[in-house]
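Chemist: A structural model of the following input is requested.
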Amino acid sequence: MIPVTLKTWEILDEVALERASQDAKWGEQNHPTGQLPLYRETLAQPKEAQAECEWQRDKGTMTWADIAVEELSEAVYERDDAKRRAELIQVAAVAVAWIECMDRKTGR
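Modeler: Next up is the predicted model:
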């Protein structure tokens, strides 16, 4: 098993508190997964997002936003729920890594 840092657990605790806050505010939500035309018009296809992310990486200009968009596009366009779930775990992990990076920069 790969060890998880204390910082990661602290962030996941914040995420859990936010989830509790969302449930308190909105109640349990059960929206459809969704593959609306709007997503197809505003979010790059997974291959396009991956190519953009790789291009930015090769140039040395890749950002957390590039990575997050790539992962989110894979989740949005995935049709198999088990695979979509795995993609959403990756989205969440990228978000946590992004927060960890921000916290390192600010000394939080």
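
Chemist: helix or strand with the lowest mean pLDDT in the protein?
Modeler: Ranking every helix and strand in the chain by mean pLDDT, DSSP states H and E puts helix 37-42 at the bottom, with a mean of 61.

Chemist: ok, the most centrally placed residue in the chain - contacts?
Modeler: Closest to where the C-alpha atoms of the chain average out (C-alpha atoms, centre = their mean) is Val91, at 2.3 Å. By C-beta atoms under 8 Å, 6 or more residues apart in numbering, the contact set of Val91 is Ala68, Glu71, Leu72, Ala75. All C-beta spots, glycine's among them, are computed from the backbone N, C-alpha and C.

Chemist: mind checking how far the last one is from Asp103?
Modeler: With distances taken as C-beta to C-beta, to the nearest Å, Ala75 is found 24 Å from Asp103.

Chemist: the more surrounded of those two?
Modeler: Neighbours per residue (other C-beta atoms under 10 Å) separate Ala75 from Asp103, with Ala75 holding more: 20 against 13.

Chemist: chain center to the longest helix belonging to the chain: distance?
Modeler: Counting residues, the longest helix in the chain under DSSP state H turns out to be helix 81-106. Centre-to-centre, helix 81-106 and its host chain are 5 Å apart (C-alpha atoms, centre = their mean, to the nearest Å).

Chemist: and that helix, what's buried?
Modeler: Buried residues in helix 81-106, counted by 16 or more other C-beta atoms under 10 Å: Arg84, Glu87, Leu88, Gln90, Val91, Val94, Ala95, Val96, Trp98, Ile99, Glu100.

Chemist: nearest to Trp9 among these?
Modeler: Nearest to Trp9 among the buried residues of helix 81-106: Val96, at 10.1 Å, using C-beta to C-beta.

Chemist: which residues touch the closest one?
Modeler: Neighbouring residues of Val96 by C-beta under 8 Å, 6+ apart: Thr8, Ile11, Leu12, Val15.

Chemist: what of Gln29?
Modeler: Gln22.

Chemist: so it, which state does it fall into?
Modeler: Using DSSP: H, G, I helix; E, B strand; the rest coil, the secondary structure recorded for Gln29 is coil.
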